[in-house]
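Undergrad: I would like to see how this sequence folds:
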Amino acid sequence: MNARKFWSLFVVLLVIVFSCHPVSTKLAIVNNTDKDMCCYTLLDTSELDRIAIYYVPAHSTGNPDIGTGGDDIWERKINRFSSDSTLNIWLCDCSVVIIDSSQNEVPKQRKYKKLKYKIRDLDSIKWKIVIND
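TA: As a prediction, the model looks like this:
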């Protein structure tokens, strides 16, 4: 391989490596129950039309995805988009989740558990939310 091809390949690889933003797995939801759980996160109640539901099987851990941008993406998005800098998490049994007419997954009952965390609260529990009941 001549020097020109080598440097061209090297530059392309550098661009690829530095343009990728890793998905953050910082937030972990540990499901210690015997039921499969579904959770959805909201930064603000005005985002109710943009709900993404995450499946967390019984006795396992799930990492809700908020997008790419590194390990501090959760903090940045909470501070930027939440009116009171709070992360709201709703948990429900997956058996009560349906797909509505607009193809959104929504709980079909109001049987869910709501959790609210400030960044300092999440830092104190090392961003690991444990569900025991």
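
Undergrad: Mind checking what helix or strand follows the helix or strand of the chain with the lowest mean pLDDT in sequence?
TA: When the helices and strands of the chain are scored by mean pLDDT, DSSP states H and E, strand 105-107 comes last with a mean of 52. Using DSSP states H and E, the helix or strand that follows strand 105-107 towards the C-terminus is strand 113-118.

Undergrad: Who are the packing partners of that following strand?
TA: strand 86-93 (3 or more CB pairs under 8 Å, 6 or more residues apart in numbering; DSSP states H and E). C-beta here means a position set from N, CA and C on the backbone, and glycine is covered the same way.

Undergrad: redo that, cut-off 10 Å
TA: If contacts are counted by 3 or more CB pairs under 10 Å, 6 or more residues apart in numbering; DSSP states H and E, strand 113-118 sits against strand 37-42, strand 86-93, helix 119-124, strand 128-131.

Undergrad: Can I get it in CSV, CA atoms only?
TA: Presented in CSV, the C-alpha positions along strand 113-118 are these (Å, rounded to 0.1, in the frame of the first residue of the first chain):
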residue,chain,number,x,y,z
LYS,A,113,-45.8,3.4,39.7
LYS,A,114,-44.4,6.9,39.2
LEU,A,115,-40.9,7.7,40.4
LYS,A,116,-39.2,11.1,40.4
TYR,A,117,-35.5,11.7,40.6
LYS,A,118,-33.4,14.8,40.7
